[in-house]
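J.: Following is a predicted model, sequence given first.
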Number of protein chains: 2
Amino acid sequence: MGNTQQRQIVLDVIRESKGHLTAEEIFIRANKKRPNISLSTIYRNLGLLVEQGKILSISAPDQPTYFDHNVTPHHHLVCKSCGKLEDICDPKINVNDLVPKDYKVISTSLIITCICKHCQS
Amino acid sequence: MGNTQQRQIVLDVIRESKGHLTAEEIFIRANKKRPNISLSTIYRNLGLLVEQGKILSISAPDQPTYFDHNVTPHHHLVCKSCGKLEDICDPKINVNDLVPKDYKVISTSLIITCICKHCQS
DNA sequence: CTAATTATTAGGAATTATTCCTAAAAAGTC
DNA sequence: GACTTTTTAGGAATAATTCCTAATAATTAG
(Lines give C-alpha, C1' and ligand atoms only; values in the text may rest on other atoms or scores of the structure.)
Protein backbone atom coordinates (compact mmCIF):
# COMPACT_ATOMS: atom_id res chain seq x y z
CA MET A 1 0.00 0.00 0.00
CA GLY A 2 2.98 2.31 0.42
CA ASN A 3 4.16 4.45 -2.43
CA THR A 4 6.70 3.03 -4.80
CA GLN A 5 10.03 4.84 -4.83
CA GLN A 6 9.06 6.59 -8.02
CA ARG A 7 5.69 7.72 -6.71
CA GLN A 8 7.30 8.99 -3.52
CA ILE A 9 9.87 10.94 -5.52
CA VAL A 10 7.16 12.64 -7.56
CA LEU A 11 5.37 13.61 -4.38
CA ASP A 12 8.60 14.81 -2.76
CA VAL A 13 9.52 16.96 -5.73
CA ILE A 14 6.14 18.66 -5.63
CA ARG A 15 6.20 19.16 -1.89
CA GLU A 16 9.75 20.46 -1.89
CA SER A 17 8.82 23.10 -4.41
CA LYS A 18 6.98 25.99 -2.89
CA GLY A 19 5.49 26.96 -6.23
CA HIS A 20 3.67 25.22 -9.03
CA LEU A 21 5.36 22.79 -11.37
CA THR A 22 4.59 21.38 -14.80
CA ALA A 23 4.94 17.67 -15.56
CA GLU A 24 8.10 18.47 -17.50
CA GLU A 25 9.67 20.32 -14.58
CA ILE A 26 8.74 17.51 -12.24
CA PHE A 27 10.33 15.05 -14.65
CA ILE A 28 13.59 17.00 -14.71
CA ARG A 29 13.77 17.28 -10.93
CA ALA A 30 12.76 13.67 -10.35
CA ASN A 31 15.43 12.57 -12.79
CA LYS A 32 18.07 14.15 -10.59
CA LYS A 33 16.94 12.06 -7.67
CA ARG A 34 16.52 8.93 -9.72
CA PRO A 35 18.03 8.85 -13.19
CA ASN A 36 16.05 6.84 -15.77
CA ILE A 37 12.71 7.56 -14.21
CA SER A 38 10.46 7.89 -17.22
CA LEU A 39 8.08 10.62 -18.21
CA SER A 40 5.18 8.20 -18.42
CA THR A 41 5.86 7.22 -14.82
CA ILE A 42 5.64 10.89 -13.90
CA TYR A 43 2.30 11.27 -15.65
CA ARG A 44 0.86 8.05 -14.26
CA ASN A 45 1.79 9.00 -10.72
CA LEU A 46 0.62 12.58 -11.08
CA GLY A 47 -2.76 11.19 -12.09
CA LEU A 48 -2.81 8.86 -9.10
CA LEU A 49 -1.74 11.53 -6.64
CA VAL A 50 -4.42 13.88 -7.90
CA GLU A 51 -6.99 11.06 -7.58
CA GLN A 52 -5.85 10.50 -4.00
CA GLY A 53 -6.15 14.18 -3.21
CA LYS A 54 -2.47 14.51 -2.33
CA ILE A 55 -1.78 17.13 -4.96
CA LEU A 56 -3.85 19.46 -7.11
CA SER A 57 -3.81 19.95 -10.84
CA ILE A 58 -4.42 23.38 -12.30
CA SER A 59 -5.58 23.92 -15.88
CA ALA A 60 -5.35 27.54 -16.92
CA PRO A 61 -6.05 28.71 -20.47
CA ASP A 62 -3.02 28.70 -22.79
CA GLN A 63 -0.84 27.19 -20.08
CA PRO A 64 0.42 23.69 -19.51
CA THR A 65 -1.09 21.88 -16.56
CA TYR A 66 0.51 22.85 -13.26
CA PHE A 67 0.66 20.71 -10.15
CA ASP A 68 0.33 22.18 -6.70
CA HIS A 69 1.39 20.79 -3.33
CA ASN A 70 -1.19 22.93 -1.58
CA VAL A 71 -4.45 20.99 -1.36
CA THR A 72 -6.25 23.32 1.00
CA PRO A 73 -9.00 25.33 -0.75
CA HIS A 74 -7.52 28.28 -2.58
CA HIS A 75 -7.68 30.05 -5.91
CA HIS A 76 -5.22 31.07 -8.59
CA LEU A 77 -4.05 34.14 -10.38
CA VAL A 78 -2.23 33.57 -13.65
CA CYS A 79 -0.43 36.26 -15.64
CA LYS A 80 -1.43 36.08 -19.28
CA SER A 81 1.85 37.60 -20.28
CA CYS A 82 4.53 35.77 -18.30
CA GLY A 83 2.52 32.76 -17.13
CA LYS A 84 3.39 33.27 -13.47
CA LEU A 85 0.94 31.46 -11.24
CA GLU A 86 0.11 32.74 -7.77
CA ASP A 87 -2.13 31.58 -4.98
CA ILE A 88 -5.04 33.52 -3.63
CA CYS A 89 -6.06 32.23 -0.25
CA ASP A 90 -9.39 33.73 0.56
CA PRO A 91 -12.19 31.74 2.11
CA LYS A 92 -14.80 34.38 1.29
CA ILE A 93 -15.92 32.52 -1.77
CA ASN A 94 -17.83 29.37 -1.05
CA VAL A 95 -18.25 27.73 -4.36
CA ASN A 96 -20.28 24.78 -3.14
CA ASP A 97 -23.35 26.93 -2.67
CA LEU A 98 -23.60 27.18 -6.43
CA VAL A 99 -23.85 23.49 -7.15
CA PRO A 100 -27.22 21.82 -7.64
CA LYS A 101 -27.92 19.16 -4.99
CA ASP A 102 -27.95 16.21 -7.34
CA TYR A 103 -24.39 16.79 -8.43
CA LYS A 104 -21.45 15.39 -6.57
CA VAL A 105 -18.57 17.86 -6.42
CA ILE A 106 -15.12 16.44 -7.11
CA SER A 107 -13.09 19.63 -7.20
CA THR A 108 -13.38 23.30 -7.89
CA SER A 109 -11.08 25.63 -9.72
CA LEU A 110 -11.20 29.39 -9.77
CA ILE A 111 -8.58 30.91 -12.02
CA ILE A 112 -8.22 34.60 -12.67
CA THR A 113 -6.25 35.55 -15.74
CA CYS A 114 -4.56 38.91 -15.39
CA ILE A 115 -1.55 41.01 -16.25
CA CYS A 116 0.78 41.11 -13.29
CA LYS A 117 2.42 44.26 -12.01
CA HIS A 118 5.73 43.42 -13.61
CA CYS A 119 4.23 42.80 -17.07
CA GLN A 120 2.20 46.01 -17.12
CA SER A 121 5.22 48.17 -17.90
CA MET B 1 -12.08 46.27 -40.20
CA GLY B 2 -15.00 43.90 -40.79
CA ASN B 3 -14.57 40.19 -40.25
CA THR B 4 -13.35 38.08 -43.08
CA GLN B 5 -15.84 35.50 -44.34
CA GLN B 6 -14.01 32.80 -42.46
CA ARG B 7 -13.93 34.71 -39.20
CA GLN B 8 -17.64 35.49 -39.50
CA ILE B 9 -18.42 31.83 -40.09
CA VAL B 10 -16.52 30.78 -36.98
CA LEU B 11 -18.46 33.35 -34.97
CA ASP B 12 -21.78 32.30 -36.55
CA VAL B 13 -21.17 28.63 -35.80
CA ILE B 14 -20.53 29.40 -32.16
CA ARG B 15 -23.48 31.74 -31.83
CA GLU B 16 -25.84 29.32 -33.56
CA SER B 17 -24.93 26.59 -31.11
CA LYS B 18 -26.58 26.98 -27.78
CA GLY B 19 -24.00 24.82 -26.06
CA HIS B 20 -20.23 24.69 -25.90
CA LEU B 21 -18.11 23.55 -28.82
CA THR B 22 -14.57 22.29 -29.24
CA ALA B 23 -12.31 23.58 -32.01
CA GLU B 24 -12.81 20.30 -33.83
CA GLU B 25 -16.61 20.59 -33.71
CA ILE B 26 -16.41 24.17 -34.89
CA PHE B 27 -14.19 23.03 -37.73
CA ILE B 28 -16.69 20.39 -38.84
CA ARG B 29 -19.61 22.81 -38.76
CA ALA B 30 -17.71 25.62 -40.43
CA ASN B 31 -16.68 23.22 -43.17
CA LYS B 32 -20.32 22.66 -44.05
CA LYS B 33 -20.79 26.36 -44.59
CA ARG B 34 -17.52 26.78 -46.39
CA PRO B 35 -15.72 23.68 -47.60
CA ASN B 36 -11.93 23.89 -47.51
CA ILE B 37 -11.80 26.20 -44.55
CA SER B 38 -8.76 25.01 -42.68
CA LEU B 39 -8.31 24.00 -39.11
CA SER B 40 -5.54 26.52 -38.59
CA THR B 41 -7.94 29.23 -39.72
CA ILE B 42 -10.38 28.02 -37.08
CA TYR B 43 -7.73 28.20 -34.38
CA ARG B 44 -6.41 31.57 -35.46
CA ASN B 45 -9.86 33.10 -35.48
CA LEU B 46 -10.88 31.50 -32.22
CA GLY B 47 -7.86 33.18 -30.69
CA LEU B 48 -8.78 36.53 -32.19
CA LEU B 49 -12.43 36.30 -31.16
CA VAL B 50 -11.44 35.46 -27.61
CA GLU B 51 -9.03 38.43 -27.64
CA GLN B 52 -11.87 40.67 -28.81
CA GLY B 53 -14.17 39.40 -26.10
CA LYS B 54 -16.72 38.06 -28.58
CA ILE B 55 -16.48 34.51 -27.34
CA LEU B 56 -15.13 32.75 -24.26
CA SER B 57 -12.71 29.88 -23.99
CA ILE B 58 -13.10 27.32 -21.23
CA SER B 59 -10.22 25.13 -20.04
CA ALA B 60 -11.35 22.36 -17.76
CA PRO B 61 -9.02 19.64 -16.51
CA ASP B 62 -8.79 16.56 -18.76
CA GLN B 63 -11.05 18.16 -21.33
CA PRO B 64 -10.35 19.82 -24.64
CA THR B 65 -10.85 23.57 -24.72
CA TYR B 66 -14.48 24.55 -25.22
CA PHE B 67 -15.71 27.79 -26.76
CA ASP B 68 -18.78 29.56 -25.49
CA HIS B 69 -20.99 32.14 -27.18
CA ASN B 70 -22.14 33.43 -23.80
CA VAL B 71 -19.79 36.19 -22.72
CA THR B 72 -21.81 37.43 -19.78
CA PRO B 73 -20.26 36.48 -16.43
CA HIS B 74 -21.12 32.90 -15.54
CA HIS B 75 -19.51 29.75 -14.24
CA HIS B 76 -19.22 26.15 -15.39
CA LEU B 77 -19.98 22.70 -14.14
CA VAL B 78 -18.18 19.86 -15.89
CA CYS B 79 -18.90 16.18 -15.37
CA LYS B 80 -15.70 14.25 -14.78
CA SER B 81 -17.26 11.12 -16.15
CA CYS B 82 -19.09 12.14 -19.33
CA GLY B 83 -17.53 15.56 -19.92
CA LYS B 84 -20.84 17.37 -20.17
CA LEU B 85 -20.42 21.08 -19.62
CA GLU B 86 -23.17 23.19 -18.11
CA ASP B 87 -23.56 26.83 -17.25
CA ILE B 88 -24.15 28.16 -13.78
CA CYS B 89 -25.46 31.67 -13.88
CA ASP B 90 -25.22 33.02 -10.42
CA PRO B 91 -24.01 36.52 -9.67
CA LYS B 92 -23.49 35.80 -5.98
CA ILE B 93 -19.82 35.31 -6.47
CA ASN B 94 -17.88 38.45 -7.20
CA VAL B 95 -14.45 37.31 -8.05
CA ASN B 96 -12.92 40.72 -8.57
CA ASP B 97 -12.85 41.39 -4.84
CA LEU B 98 -10.12 38.80 -4.56
CA VAL B 99 -7.65 40.41 -6.92
CA PRO B 100 -4.86 42.64 -5.61
CA LYS B 101 -5.18 46.21 -6.89
CA ASP B 102 -1.99 46.21 -8.91
CA TYR B 103 -3.18 43.38 -11.12
CA LYS B 104 -5.26 43.97 -14.20
CA VAL B 105 -7.94 41.32 -14.61
CA ILE B 106 -8.37 39.90 -18.10
CA SER B 107 -10.85 37.13 -17.42
CA THR B 108 -12.02 34.82 -14.71
CA SER B 109 -12.92 31.19 -14.83
CA LEU B 110 -14.70 29.19 -12.17
CA ILE B 111 -15.04 25.53 -13.07
CA ILE B 112 -16.57 22.93 -10.81
CA THR B 113 -15.72 19.34 -11.63
CA CYS B 114 -18.44 16.95 -10.54
CA ILE B 115 -20.28 13.76 -11.31
CA CYS B 116 -23.59 14.57 -12.88
CA LYS B 117 -26.86 12.94 -11.90
CA HIS B 118 -26.84 10.66 -14.90
CA CYS B 119 -23.31 9.35 -14.29
CA GLN B 120 -23.87 8.61 -10.60
CA SER B 121 -25.82 5.44 -11.34
C1' DC C 1 -10.05 52.58 -60.50
C1' DT C 2 -5.42 50.54 -60.15
C1' DA C 3 -0.99 49.68 -57.87
C1' DA C 4 1.18 48.94 -53.60
C1' DT C 5 0.79 47.33 -48.94
C1' DT C 6 -0.99 44.57 -45.44
C1' DA C 7 -3.67 40.94 -43.53
C1' DT C 8 -5.48 36.47 -44.02
C1' DT C 9 -5.86 32.07 -45.94
C1' DA C 10 -5.29 26.78 -47.02
C1' DG C 11 -2.59 23.15 -46.39
C1' DG C 12 0.57 20.72 -44.28
C1' DA C 13 4.61 20.14 -41.23
C1' DA C 14 6.11 20.68 -36.60
C1' DT C 15 5.52 20.97 -31.72
C1' DT C 16 3.66 20.08 -27.22
C1' DA C 17 1.29 17.66 -23.90
C1' DT C 18 -0.36 13.48 -22.83
C1' DT C 19 -1.70 8.62 -23.18
C1' DC C 20 -1.00 3.96 -24.54
C1' DC C 21 1.60 -0.40 -25.19
C1' DT C 22 4.78 -4.05 -23.91
C1' DA C 23 8.10 -6.84 -21.89
C1' DA C 24 10.86 -6.64 -17.68
C1' DA C 25 11.31 -5.56 -12.76
C1' DA C 26 9.44 -4.84 -8.27
C1' DA C 27 6.19 -5.39 -4.69
C1' DG C 28 2.84 -7.83 -2.22
C1' DT C 29 0.74 -12.44 -0.96
C1' DC C 30 0.44 -17.07 0.71
C1' DG D 1 10.37 -18.87 -2.11
C1' DA D 2 6.84 -19.43 -5.85
C1' DC D 3 2.75 -17.05 -7.53
C1' DT D 4 0.04 -12.98 -8.52
C1' DT D 5 -0.46 -8.29 -9.09
C1' DT D 6 1.28 -3.80 -9.74
C1' DT D 7 4.44 -0.78 -11.51
C1' DT D 8 8.10 0.44 -14.33
C1' DA D 9 11.15 2.22 -18.45
C1' DG D 10 11.14 3.19 -22.91
C1' DG D 11 9.26 4.27 -26.85
C1' DA D 12 5.34 4.58 -30.10
C1' DA D 13 0.96 6.70 -30.76
C1' DT D 14 -2.47 10.25 -30.26
C1' DA D 15 -4.62 14.73 -29.55
C1' DA D 16 -4.59 19.48 -29.44
C1' DT D 17 -2.48 23.31 -31.02
C1' DT D 18 0.90 26.26 -33.29
C1' DC D 19 3.95 27.44 -36.93
C1' DC D 20 5.43 28.03 -41.79
C1' DT D 21 4.90 29.34 -46.61
C1' DA D 22 3.33 30.65 -50.90
C1' DA D 23 -1.11 32.17 -52.73
C1' DT D 24 -5.24 35.03 -52.17
C1' DA D 25 -8.07 38.65 -50.40
C1' DA D 26 -8.75 42.97 -48.25
C1' DT D 27 -7.35 47.67 -47.41
C1' DT D 28 -5.14 51.94 -48.47
C1' DA D 29 -2.86 55.44 -51.30
C1' DG D 30 -2.50 57.77 -55.32
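T.: Okay, I see it.
J.: partner residues bridging the most centrally placed residue in chain A?
T.: Geometric centre of chain A, nearest residue: A:Phe67, 2.2 Å, by Cα atoms, centre = their mean. Bridge pairing for A:Phe67 (DSSP bridges) gives the partners A:Leu21, A:Ser57.
J.: Please list all residues in contact with it.
T.: Listed by Cβ atoms under 8 Å, 6 or more residues apart in numbering or on different chains, the contact partners of A:Phe67 are A:Ile14, A:His20, A:Leu21, A:Thr22, A:Ala23, A:Ile26, A:Leu46, A:Val50, A:Ile55, A:Leu56, A:Ser57, A:Ile58. Every residue, glycine included, has its C-beta placed from N, CA and C.
J.: go with 7 Å
T.: Each residue near A:Phe67 by Cβ atoms under 7 Å, 6 or more residues apart in numbering or on different chains is listed here: A:Ile14, A:His20, A:Leu21, A:Ile26, A:Leu46, A:Ile55, A:Leu56, A:Ser57.
J.: what about A:Gln6, which SS state?
T.: helix (DSSP: H, G, I helix; E, B strand; the rest coil).
J.: who in chain A is up against DNA strand D?
T.: Counting by Cβ under 7 Å from any atom of the strand, chain A comes close to DNA strand D at A:4-7, A:34, A:36-41, A:44-45, A:62.
J.: which one of those residues has the most neighbours?
T.: A:Asn45 (22 neighbours; other Cβ atoms under 10 Å in any protein chain shown).
J.: which residues of chain A score low on pLDDT?
T.: A:1, A:91 (pLDDT under 70).
J.: Would you state the strands of it in chain order?
T.: A:20-22, A:56-58, A:66-68, A:75-79, A:85-88, A:104-115 (DSSP state E).
J.: And those: which comes nearest B:Ile106?
T.: Nearest of those to B:Ile106, taken as Cβ to Cβ: strand A:104-115 at 4.5 Å.
J.: Specify the angle between that closest one and strand A:75-79 in degrees.
T.: Per axes from the mean of the first three to the mean of the last three Cα atoms, to 10 degrees, the angle that strand A:104-115 makes with strand A:75-79 is 30 degrees.
J.: Parallel or antiparallel, which strands does strand A:104-115 pair with?
T.: strand A:75-79 (parallel), strand B:104-115 (antiparallel).
J.: isn't A:Asp68 right up against A:Leu56?
T.: Yes. With contact defined as Cβ atoms under 7 Å, A:Asp68 reaches A:Leu56; the gap is 4.2 Å.
J.: So for the two, which residue has more residues nearby?
T.: A:Leu56 (22 against 19).
J.: Give the full set of residues in contact with that one.
T.: Per Cβ under 7 Å, 6+ apart, neighbours of A:Leu56: A:Val50, A:Phe67, A:Asp68, A:Asn70, A:Val71.
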